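Asks: quick one, structure for this:
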Amino acid sequence: MVQEVQAVLVLTTVPDDASAETLARTLVDEKLAACVNVLPPMVSIYRWKGEIERSVERQLVIKTTRALVSALEARLRELHSYELPEFVVLSIDRGASAYLDWVRDQVTS
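Replies: Numbers count the residues shown, from 1 in each chain. A predicted model of the protein is given here:
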């Protein structure tokens, strides 16, 4: 069975495994995220301050609720090493009821 819920996915990138682990654990520990997936290293090519850059990064997929997006963004900015960290919010329109209930339960005090 599926249900509608205000769960969201938030994407960000970090420069290395240590940063990924620290950020993921902190967000879950502080109940700003139910779960954070740390994806394998990838290469990012982008323009920054007029120059084409190449970096090896890890993509983080953060599962949380829409109600926590502002608090999550503020905390991520405090913890992040980048001057301008990626912060992209993707809506979840539908999902398995039990899983979405679990996400909500993990971030609710």
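Asks: for Tyr99, give its distance to Val88.
Replies: 21 Å (Cβ to Cβ, to the nearest Å). Using the backbone N, CA and C atoms, a C-beta is placed for each residue, glycine as well.
Asks: next structured bit after the lengthiest helix in the chain?
Replies: As assigned by DSSP state H, the longest helix anywhere in the chain is helix 17-29. The first helix or strand that comes after helix 17-29 along the chain, using DSSP states H and E, is strand 35-38.
Asks: re the thing from before, tell me the buried residues in the longest helix of the chain?
Replies: Under the neighbour-count criterion of 16 or more other Cβ atoms under 10 Å, helix 17-29 has 19-20, 23-24, 26-28 buried.
Asks: out of those residues, flag the one nearest to Asp105.
Replies: Val28 (13.0 Å; Cβ to Cβ).
Asks: quick one on the thing from earlier: Tyr99 and Val88 - which one has more neighbours?
Replies: Comparing Tyr99 with Val88 by other Cβ atoms under 10 Å, the one with more neighbours is Tyr99, at 17 against 9.
Asks: which other helices and strands does the helix or strand harbouring that one contact?
Replies: Following DSSP H and E, one finds Tyr99 within helix 97-107. When contacts are defined as 3 or more Cβ pairs under 8 Å, 6 or more residues apart in numbering; DSSP states H and E, helix 97-107 sits against strand 2-3, strand 7-14, strand 51-65.
Asks: which positions within that helix qualify as buried?
Replies: For helix 97-107, a neighbour-count test (16+ other Cβ under 10 Å) marks 99-100, 103-104, 107 as buried.
Asks: can I get the residues you listed in CSV including distance to Met42?
Replies: Shown next, in CSV, are the buried residues of helix 97-107 (distance: Cβ to Cβ, whole Å):
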residue, distance to Met42
Tyr99, 26
Leu100, 28
Val103, 25
Arg104, 30
Val107, 27
